[in-house]
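Undergrad: The amino acid sequence is not available; the structure is as follows:
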């Protein structure tokens, strides 16, 4: 029985906490919202972020982050990517003076708005030196993992033994974890695919069909692979579960994808502020689109799709025009080999 | 104005004939069924294979294959893959003694059941030596091309000038054609993706979700890429429109994909014979699954997904068991790098 702290009680953090608790580990989940702590401890439900799902009776919630992480052997970092630094800095403080470093597993997807750091990049900066780190990612809608739908993901750690430990910790009969060492590849793929999913949503909102979507996804994977490789990732990672797999899930998974469904609304002409107003949860792709474009400039990589997505999100460009410009541009420059 | 003959009046042949006729070319389409010839010439509709779609008024149909192809400058070979040899042998006879060789563009997807030849491989055997050949392929549901949905495909020819000529012939504002020289890659990708689409259908028929589908498609592309590369294809072709693009379309395009929807029925427990009985059109994946397994044996490539698909199709294996065996096997042998 491992003592595990899950930091962040969104849908994904909650489902992973439930999965680990059902495996028999001693799991405590930290929630930012006091009513979520209350809800999990009293009713064994996260009524806010995972409604109508009975959680493991052994799963406990806490509102005091220092108390939640203090004795943990494994800490799952599950906050939205733009608050990982703030939240995990509090974890770092709580860990100060502890002897053995806990294993920290990041399950957030996205890039920090200003610094463009990946979640593990942030963790490396804020956590005590020598803390073993890993990223868990792949095509995994939280609701389907909760329902025990067969799911395959990857665990990446620079130290392969750490990846194997994560594999051991999370694997169940229906949740299979493969190990990798390309941490930056896994994290960039997990962040950047949300931008392509937003673009796929535009197409659907505009009433365009499957042919256009398939071409966009194919081009999109090539685009984010180019950027990832320029930033130090391995191309094979983008062709695997964390890249192609997660992109397909997010771009074709209908209403279960927040990024895709936000894109659909924008494609239908709903302004960004209005589309975001109705949402309790974050569509990571919005921040990531801007981050991707900046990262592309930094590495000298052209990102036509991400560029058009930012035009729509932040400069009021009509999605129809963005798609037209993309098609037009594509025609002239695309070399499929 | 180019004189074009389209040989085969299924949905895809009909839509391409319509597209070319609307571009202003002199297009005649040969149909096997006399009632289709009659339907196109009298009502400008192909009531059997493309119902409720008004065709270009300039498009003519003919039932005499020799007369249809005799003066053509471009011949589009659009018969189902298992009858390409028989149909195009008749075309070859009609061309005997002609001076200038017409350009022949294959748009069929699949492998010959016995010889395992690709459509261009067949054409090379049956047509007069020196006939310029190309393959046109990519993510393109016929109905959506007919509706002018933005679509991107590839034209492959060993002689790149031939590929450019095909590009010129077929490109419109909404139908974009990129050129390639990897003919075998384009043809193998177009055939083999149907096997993965059948497997994706099994999952859906079994009630499994998006996570499982995304993992299967990712594994499936890796599997057919391995086979393609062993057979002489370039891996980049499988990562492009003819490979990944067409696989995504076929495996996630719902009822518009014959292979996928056949897979759904099988996944629900309908026996193959019964599932095929209600269909006017061929699901190429059925023949291709067996062909793929044989091709894998020939090249020493393991094809776990194609293997399970043939077990279901031809040996009465329950789809649920096939998926379970696949997951189980996958777990042990998958190396995502």
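TA: Perfect, I can see it now. Being a predicted model, the structure only gives us computed values, none of them experimental. Residues are numbered from 1 along each chain as shown, chains lettered A, B, ... in the order given.
Undergrad: Which elements pack onto the helix or strand where residue A:121 lies?
TA: Counting by DSSP states H and E, the element that carries residue A:121 is helix A:119-126. Counting contacts by 3 or more Cβ pairs under 8 Å, 6 or more residues apart in numbering or on different chains; DSSP states H and E, the secondary-structure elements packed against helix A:119-126 are helix A:84-95, strand A:103-106, strand A:133-137, helix A:183-205. For glycine as for every other residue, the C-beta is placed from the backbone atoms N, C-alpha and C.
Undergrad: Just the pLDDT for residue A:183.
TA: As predicted, residue A:183 sits at a pLDDT of 97.
Undergrad: burial of the nearest residue to it once chain neighbours are set aside, as a residue count?
TA: The shortest distance from residue A:183 to any residue other than its chain neighbours is 4.5 Å, reached at residue A:156 (Cβ to Cβ, 6 or more residues apart in numbering or on different chains). Counted with other Cβ atoms under 10 Å in any protein chain shown, the burial measure for residue A:156 works out to 30 neighbours.
Undergrad: Just list whatever residues bridge to residue A:156.
TA: In this structure, residue A:156 has beta-bridge partners residue A:135, residue A:180, where bridges are defined by DSSP bridges.
Undergrad: Could I get the helices and strands packed on helix A:119-126 in a markdown table, plus columns for mean neighbour count?
TA: Supplementary listing: the helices and strands packed on helix A:119-126 in a markdown table, determined by neighbours: other Cβ atoms under 10 Å in any protein chain shown:
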| stretch | mean neighbour count |
| --- | --- |
| helix A:84-95 | 19 |
| strand A:103-106 | 26 |
| strand A:133-137 | 28 |
| helix A:183-205 | 29 |
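Undergrad: Tell me which of these lies nearest to residue B:25.
TA: Set against residue B:25 and scored by Cβ to Cβ, the helices and strands packed on helix A:119-126 come closest in helix A:183-205, at 29.8 Å.
Undergrad: Measure how that closest one sits relative to strand A:133-137, angle-wise.
TA: With axes from the mean of the first three to the mean of the last three Cα atoms, to 10 degrees as the basis, helix A:183-205 and strand A:133-137 are set at 30 degrees to each other.
Undergrad: Quick check: the gap between the closest residue to chain B within the stretch 51-200 of chain A and residue B:196.
TA: Here the residue of the stretch 51-200 of chain A nearest chain B is residue A:139; by Cβ to the nearest Cβ that distance is 3.5 Å. The spacing between residue A:139 and residue B:196, counted by Cβ to Cβ, to the nearest Å, is 15 Å.
Undergrad: Please apply the same query to residue A:138.
TA: Residue A:138 is 19 Å from residue B:196, where distance means Cβ to Cβ.
Undergrad: before we move on, the earlier item: looking at the helices and strands packed on helix A:119-126, spot the one closest to residue B:44.
TA: Go through those one by one with Cβ to Cβ and the one that ends up closest to residue B:44 is helix A:183-205, at 30.6 Å.
Undergrad: Tell me the helix or strand right after the closest one.
TA: helix A:210-230.
Undergrad: can that following helix be found next to chain B?
TA: Yes: judged by Cβ under 8 Å from any Cβ of the partner chain, helix A:210-230 and chain B are in contact via A:210, A:211, A:212, A:213, A:214, A:215, A:217, A:218, A:221, A:222.
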